Every structure is written in structure tokens, then in C-alpha cells.
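Engineer: The following block contains a protein sequence and its predicted model.
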Amino acid sequence: MSISSLMPVSESTSSSRPRVGGAAVRKAKLQDAVNIFELVNSLSGDGTLLRRNYAEICENVRDFAVAESEGGVFLGCGALHLYGPHLAEVRSIVVKPEAKGQGAGGKLLRALLEEGEEQGVASVCLFTRIPDFFFHFGFRVVDRTVLPDKIYKDCQNCPRLYACDEVAMVRGPLPRIAVLGPSKIPQPELVKLQTGTIPPPK
Ligand SMILES: CC(C)(COP(=O)(O)OP(=O)(O)OC[C@H]1O[C@@H](n2cnc3c(N)ncnc32)[C@H](O)[C@@H]1OP(=O)(O)O)[C@@H](O)C(=O)NCCC(=O)NCCS
């Protein structure tokens, strides 16, 4: 049984072509998780997008923005994953085939970039097969080794590790630190608990 047969599905299954002109982008809600799951994974088979399981989408739903038509039809989604103040990553950005080429993808990407700015993130990265789309939005191609956080998060366990056909891109300065994997900065010292210093409960 598919997840969508268990959960309420929005108008995204409508066969009529949505009017994308007035597409609006908003933060995703848990109720969007089924639509996100189905759209993202419809493009994971050929490696266009990383496969995301349903639980992972629910857990990270606050990372997602969704685009919808004036009539509230789900058109697409994208996520901004925060590594830290030094770096965020645009993930799972996709627009339904019938809504492509009408501005929804650009609106989603702009909203994610604005969110990164609001969070004070210095740089945004992504891996993609379509760098030309991201050139429009100020990204440039970089060597993937400058993004250790991304590599440790996703690439290590990816079956395409040694046959990756994606290019790494960054918008903003190259990150000078990493928080995953062998860090380029010393680990901060953990605060040590000293026995006897905690007052007993009253
Ligand atoms: C990439 C994608 C999200 C773009 O969404 P979209 O709604 O079609 O894009 P828009 O209509 O907002 O296009 C914005 C601009 O990018 C350009 N553009 C769109 N797709 C492009 C592509 N594949 N390559 C180069 N430029 C592209 C448009 O011409 C437009 O340029 P303009 O502002 O000068 O007119 C959509 O094509 C998609 O879902 N692709 C499949 C999933 C995918 O590959 N995601 C990226 C994973 S990293």
C-alpha cells in the first residue's frame, strides 16, 4: 500500500494543468510530506535527485518550501539544509513536469536563498546535473573537495561515489570550516561536569 493511500492527498493529483503564473511559495507543512515524497522520489530513480524516505521528509519538513498555484495545487518543492553559519545546501528542488518553465522553480530557489540570508548563512552549496539553471541565481562551479560537509553527509554512502556525474556549485565564499567528518578546526572542548558541584534537589 502506498503512503498516499494512507494519507489525505491535496489537489496535486488533479489532471488539469495548474495555472503557474501566480504561483506562491510558502513553508512546507507536515501535510505536504506526501506530495514532496512522491515528487522527489519520482526523479530519484535516474539519480536526478537523492532518494528521500518518507520518515526523513517528515523529520526535515521544516527545511522545505513548497510552490503552489493560485488554486492551491502543489507544484513543486525545495529544501534548505543548514550545516551551520558557514554553509547551507539547496536539496530536493523540483517542479512537477506540467508546471516546468513557468517560474515556479526560480521562485522556490529565491525563497530558499532568502531563508539562508535570514539565517545569516555565509554560503549556499548544491550538487547538480543542470548547472545552467543555477548560474541564473549566482552559483558557480567549484571542486567538490571544497565541500567536505556535503561529502560526509551524502556522498560517503552514495552508490555513485566513484561515478558521480554531478557538479558541485557554491554561491558565496568557499566555506573555510567543516562540521562533519575530519574537521578543519579543532573540536571545541566539551564542558566538563565536576562531581559535587551540582546542588542536590530540594
Ligand atoms: C530545475 C527546475 C526546478 C526548474 O524549475 P522551472 O520552474 O522549470 O524553472 P523556471 O521556470 O523558474 O526558470 C527560471 C530560469 O531558469 C532557466 N531554466 C530553467 N530550467 C533550466 C535548465 N534545466 N537549464 C538551464 N536553465 C534553466 C529558465 O529559462 C529561467 O530563466 P529566465 O529567468 O532567464 O527566463 C525544474 O526544471 C525541475 O524540476 N527539474 C527536474 C529536477 C532537477 O533537476 N532539479 C535540480 C536538482 S539539483
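Structural biologist: Thanks, I have the structure now. Numbering: from 1, shown residues only.
Engineer: what are the pairing partners of the lengthiest strand in the chain, and which direction each?
Structural biologist: In the chain, with assignment by DSSP state E, the single longest strand is strand 74-84. Strand pairing for strand 74-84, using DSSP bridges, gives strand 64-68 (antiparallel), strand 87-95 (antiparallel).
Engineer: Helices along the chain, start to end?
Structural biologist: 33-42, 54-59, 104-118, 131-135, 148-153 (DSSP state H).
Engineer: The ones you listed: which one's closest to residue 72?
Structural biologist: Closest approach to residue 72 among the helices of the chain is made by helix 33-42 (11.6 Å; Cβ to Cβ). Every C-beta, even on glycine, is put in place using the N, C-alpha and C of the backbone.
Engineer: any idea how far the closest one is from the chain center?
Structural biologist: Here the centre of helix 33-42 is set off from its chain's centre by 13 Å, with Cα atoms, centre = their mean, to the nearest Å.
Engineer: Quick check, residue 112 in contact with residue 91.
Structural biologist: No. If you go by Cβ atoms under 8 Å, residue 112 and residue 91 don't touch, sitting 9.2 Å apart.
Engineer: Between those two, which contacts overlap?
Structural biologist: Counting by Cβ atoms under 8 Å, 6 or more residues apart in numbering, the contacts common to residue 112 and residue 91 are 78, 79, 80.
Engineer: related to what we said a few turns ago, quick one: closest of the helices of the chain to residue 21.
Structural biologist: helix 104-118 (9.7 Å).
Engineer: Find the closest residue to the ligand in the protein.
Structural biologist: Closest to the ligand within the chain is residue 105: 1.9 Å, counting by Cβ to the nearest ligand atom.
Engineer: about what we covered before: who has more neighbours out of residue 112 and residue 91?
Structural biologist: Using other Cβ atoms under 10 Å as the criterion, residue 112 and residue 91 rank with residue 112 on top: 26 against 23.
Engineer: How about that one: what's its closest non-neighbour residue?
Structural biologist: Spatial nearest neighbour of residue 112, chain neighbours left out: residue 80 (4.4 Å); criterion: Cβ to Cβ, 6 or more residues apart in numbering.
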